[in-house]
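In: Provided below are the primary sequence and the corresponding predicted coordinates.
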Amino acid sequence: MWTLTGRSCWHRRVLLSCATGPARPQLPRFRPAASHGDAAGSWASDRLCSSAGHKEKPDTSRFAVEDIRNFSIIAHVDHGKSTLADRLLELTGTIDKTKNNKQVLDKLQVERERGITVKAQTASLFYNFEGKEYLLNLIDTPGHVDFSYEVSRSLSACQGVLLVVDANEGIQAQTVANFFLAFEAQLSVIPVINKIDLKNADPERVEKQIEKVFDIPSNDCIKISAKLGTNVEHVLQAVIERIPPPKVHRKNPLRALVFDSTFDQYRGVIANVALFDGVVSKGDKIVSAHTQKTYEVNEVGVLNPNEQPTLKLYAGQVGYLIAGMKDVTEAQIGDTLYLHNHPVEPLPGFKSAKPMVFAGMYPIDQSEYNNLKSAIEKLTLNDSSVTVHRDSSLALGAGWRLGFLGLLHMEVFNQRLEQEYNTSVVLTTPTVPYKAVLSSAKLIKEYREKEITIINPAQFPDKSKVAEYLEPLVLGTIITPDEYTGKIMVLCQARRAVQKHLIFIDQNRVMLKYLFPLNEIVVDFYDSLKSLSSGYASFDYEDAGYQTAELVKMDILLNGNIVEELVTIVHKDKAYSVGKTICERLKDSLPRQLFEIAIQAAIGNKIIARETMVVTSPEK
Ligand SMILES: Nc1nc2c(ncn2[C@@H]2O[C@H](COP(=O)(O)OP(=O)(O)OP(=O)(O)O)[C@@H](O)[C@H]2O)c(=O)[nH]1
């Protein structure tokens, strides 16, 4: 028998060693880290081109609404958004042309290390076209499905998009998802076929795909090499000619949408704003429609891509605003800011992000609780798609249960906490949000709702209280060369998926749509898909509601004691295989002990799997 202290100590070590979460989701290739000192936010500043004259306060008053274009770059992962952004920054003189300009807008350390964009980034470009100067506000967006909330928010500040498609890979799953985000937002779409310099590039085939899938005439496509700069000037021309200027009224009272925000230790909240009406200047008194609090504006400016103070910001422009918001809860993404004494109808804002996975997060040491709390608050200001609930665990103490848009999102958030806030955390195994429909009026009264969402498996309500359990569904899109279709169908069936759609997007590429239980794809589906299609299939998914499911709670016991943090919810049909796998993995990963440990998986009182960790003799 363990003493309580002894047990919880040992128990805690067990959790630390096994609470590493599941296998990594789709991790893109690793680019070398940026040089030392490339802290978030500082990287691009020294690359601002002084010869372009924008180091002084840019005067944005000279841009009439007709001279402004607001656009995003959207694409599947790795199709070249950030590289195209680099070339656009160079062509407009925003940064010097040097060989070192690689993904300049990917400023975060995590982005440069992983070679992916996780945070949308804005840059205001000043461009002279046919004797007239334009203000082009560009927002570079992430491609990975876990960061699609960044894309949809960015689109709210835009009238058009550059839809970048790789000339070799063609349309992929995130190309389709991102196109429909832009289409639903009624934005002008300019298709850009990138990487035409590649040996296997087939831009004509990709043009046909774009025509077939998106109904965009093939001669609307611009064929470029962002890497070499080929035809990139045509992209700027198309932005000016094909994207309409914003529809705004400068004479109306101020209406500004907060579409993103960051926290600066010294200056407080920096809100990225798109002005739909009016003008805002330093010294103005503004009100948050969300909190009704009044603030004085300390600074306004454009992002070039670093903050460049200006005298004013005018309707139609995209920029930033600092107004002494010190508390992170004051700056809500989606909020409308207006002038004191000039209330306006708030802008629609954004649908809140729907977390797809939840995991417990705890400080390694409880004395770090307050530091971690403040770090999480600041980081969630910059990443509003993370949801936070207070939680506690016997072994790990006080902590939180955080909701993320996917496992890569969870990893990136964790990495940013470490890199930007110098914290270390324990993350528990992620779970998807199940629901339970309560069975009686008495229970509904007790819980104050008919349906409860279970974000912590330890709180899975007993069957006696429940009319039915529900599991979350997603509609998955898979694009693959035809030769892998059969194997992919088998994989999908094994994941309890139901086929909804199959079309050929060209002679040998298929687009499949399947309804999946979210739980079946969240951990290792993408890895399996990639390995059985030799890396060629791509995958994206969107929320598709809930379905009734036969769910059971599976306890994991170590020497007969339930480990609350390892409780899992599983579909009844998969309980045996999941229980067996967990026991085997625990046996391999737990630290060896001087006593035998029985590792068991149980449903109620019934043991369904068991492994035994044998005694290791102490080293002589
Ligand atoms: N050959 C060639 N490679 C390119 C071109 N454009 C981009 N690349 C390469 O493609 C890879 C991905 O480019 P990125 O610009 O990071 O792609 P992205 O779409 O921003 O990636 P995410 O932000 O992770 O979605 C990098 O290795 C680039 O150097 C091109 O025109 N030709």
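Out: Received it, and whenever you're ready, just let me know what you need. All figures in this text were calculated on a predicted structure; none of them were measured in a lab.
In: okay, CA-based contacts and neighbour counts for the rest of this
Out: Fine.
In: how about Asp264, phi and psi?
Out: Per-residue torsions, Asp264: phi -110, psi 130 (degrees, to the nearest 10).
In: need phi/psi at the residue lying closest to it once chain neighbours are set aside.
Out: In space, and not counting its chain neighbours, Asp264 is closest to Ile270: 7.0 Å by CA to CA, 6 or more residues apart in numbering. Dihedral pair for Ile270: phi -110, psi 110, per degrees, to the nearest 10.
In: what is the neighbour count of Val426?
Out: For Val426, the neighbour count with other CA atoms under 10 Å is 22.
In: so what sits opposite it in the bridge?
Out: Bridge pairing for Val426 (DSSP bridges) gives the partners Tyr362.
In: ok, it touching Gln366?
Out: No - if you go by CA atoms under 8 Å, Val426 and Gln366 don't touch, sitting 11.2 Å apart.
In: and the residue nearest to Asp264, what is it in contact with?
Out: 261-264, 320-323 (CA atoms under 8 Å, 6 or more residues apart in numbering).
In: show the pLDDT at it.
Out: In this prediction, Ile270 carries a pLDDT score of 89.
In: and Phe263, by the same measure?
Out: What the model reports for Phe263 is a pLDDT of 80.
In: isn't there a strand covering it?
Out: Yes - using DSSP: H, G, I helix; E, B strand; the rest coil, the assignment for Phe263 is a strand.
In: which residues sit in contact with the closest residue in space to it that isn't next to it in sequence?
Out: Once flanking residues are discounted, Phe263 sits nearest to Val269: 4.6 Å by CA to CA, 6+ apart. Val269 sits next to 261-263, 322-328, 331 when contact means CA under 8 Å, 6+ apart.
In: any idea how far the helix or strand Val269 falls within is from the chain center?
Out: Per DSSP states H and E, Val269 falls inside strand 268-277. Distance of strand 268-277 from its chain centroid, counting by CA atoms, centre = their mean, to the nearest Å, is 21 Å.
In: and for stretch 242-256?
Out: Remark: stretch 242-256 is offset 29 Å from the chain centroid, using CA atoms, centre = their mean.
In: Ile569: what secondary structure?
Out: Recorded secondary structure, Ile569: strand (three-state DSSP).
In: so what's it up against?
Out: By CA under 8 Å, 6+ apart, the contact set of Ile569 is 431, 457, 460, 551-554.
In: the protein against the ligand: which residues are in contact?
Out: Contact residues (CA under 6 Å from any ligand atom) of the chain with the ligand: 75-83, 115-117, 142-144, 194-195, 197-198, 225-227.
In: count of neighbours near the closest residue to the ligand within the stretch 251-400 of the chain?
Out: Scanning the stretch 251-400 of the chain for the residue nearest the ligand gives Pro305, at 15.8 Å (criterion: CA to the nearest ligand atom). By the criterion of other CA under 10 Å, Pro305 has 26 neighbours.
In: which SS state does it fall under?
Out: Assigned with three-state DSSP, Pro305 falls in the coil class.
In: just the pLDDT at it, thanks.
Out: On the pLDDT scale, Pro305 gets 82.
In: quick one, helices of the stretch 51-200 of the chain?
Out: In the stretch 51-200 of the chain, the helices defined using DSSP state H, counting those that start in this stretch lie at 81-91, 109-114, 148-155, 173-184.
In: excluding its backbone neighbours, what's nearest the residue of the stretch 251-400 of the chain closest to the ligand?
Out: Ala123 (4.2 Å).
In: could you give the bridge partners of the one you found?
Out: Beta bridges link Ala123 to Leu138, judged by DSSP bridges.
In: quick check: it vs His234, distance?
Out: Distance of Ala123 to His234, given as CA to CA, to the nearest Å: 19 Å.
In: likewise Gly93?
Out: Applying CA to CA, the value for Gly93 to His234 is 16 Å.
In: so between those two, which is more surrounded?
Out: Set Gly93 next to His234 and count neighbours by other CA under 10 Å: Gly93 wins out with 20 against 14.
In: re the thing from before, against Tyr320, how distant is the residue of the stretch 251-400 of the chain closest to the ligand?
Out: 11 Å.
In: so which residue is dead centre in this protein?
Out: Phe147 (2.1 Å; CA atoms, centre = their mean).
In: apart from its neighbours in sequence, what residue is nearest it?
Out: Phe147 sits nearest to Val118 (CA to CA, 6+ apart), 6.2 Å away.
In: now do the contacts for that neighbour.
Out: 111, 141-142, 144, 147.
In: let's see 10 Å
Out: Contact analysis of Val118 by CA atoms under 10 Å, 6 or more residues apart in numbering lists 106-108, 110-111, 141-144, 146-148, 150-151, 383, 408-409, 412-413.
In: could you do Asp197 as well?
Out: With contact set as CA under 10 Å, 6+ apart, Asp197 has these partners: 167-168, 223-228, 230.
In: burial of the closest residue to the ligand within the stretch 301-450 of the chain, as a residue count?
Out: At 12.0 Å from the ligand, Leu408 is the closest residue in the stretch 301-450 of the chain, using CA to the nearest ligand atom. For Leu408, the neighbour count with other CA under 10 Å is 19.
In: how close does it get to Ser577?
Out: Leu408 sits 25 Å away from Ser577, going by CA to CA.
In: before we move on, what about Val248?
Out: Distance of Val248 to Ser577, computed by CA to CA: 58 Å.
In: what about the two, which has more around it?
Out: Using other CA under 10 Å as the criterion, Val248 and Ser577 rank with Val248 on top: 17 against 11.
In: for the more buried one, give its distance to Gln186.
Out: When CA to CA is the yardstick, Val248 and Gln186 sit 16 Å from each other.
In: Phe516 is in contact with Gln499, correct?
Out: Yes - contact criterion CA atoms under 10 Å: Gln499 and Phe516 qualify, at 8.9 Å.
In: before we move on, the earlier item: check contacts around the residue nearest to the centre of the chain.
Out: Phe147 makes contacts with 117-120, 141, 383, 385, 404-406, 408-409, as judged by CA under 10 Å, 6+ apart.
In: what do you get for Thr122?
Out: Thr122 is in contact with 70-72, 105, 137-141, 154, 272, 302-306, 318-320, counting by CA under 10 Å, 6+ apart.
In: please redo it, this time with the cut-off set to 8 Å
Out: Applying CA under 8 Å, 6+ apart, one finds that Thr122 lies in contact with 137-140, 303-305.
In: now, among those, which is nearest to Met361?
Out: Nearest to Met361 among the contacts of Thr122 is Asp140, at 30.2 Å by CA to CA.
In: is Gly316 in contact with Lys247, as I believe?
Out: Yes - using CA under 8 Å, Gly316 is in contact with Lys247, at 7.4 Å.
In: now the helices for this protein?
Out: Ranges of helices in the chain, per DSSP state H, are 4-18, 81-91, 109-114, 148-155, 173-184, 203-214, 232-242, 369-382, 407-421, 441-447, 485-494, 518-521, 525-532, 575-589.
In: any chance of those in a markdown table, plus mean pLDDT?
Out: What follows is these, written out as a markdown table (pLDDT from 0 to 100):
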| stretch | mean pLDDT |
| --- | --- |
| helix 4-18 | 36 |
| helix 81-91 | 91 |
| helix 109-114 | 73 |
| helix 148-155 | 82 |
| helix 173-184 | 90 |
| helix 203-214 | 94 |
| helix 232-242 | 96 |
| helix 369-382 | 88 |
| helix 407-421 | 89 |
| helix 441-447 | 81 |
| helix 485-494 | 95 |
| helix 518-521 | 92 |
| helix 525-532 | 89 |
| helix 575-589 | 88 |
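In: for the stretch 501-620 of the chain, which spans come out with low pLDDT?
Out: Applying pLDDT under 70 to the stretch 501-620 of the chain flags the ranges 615-620.
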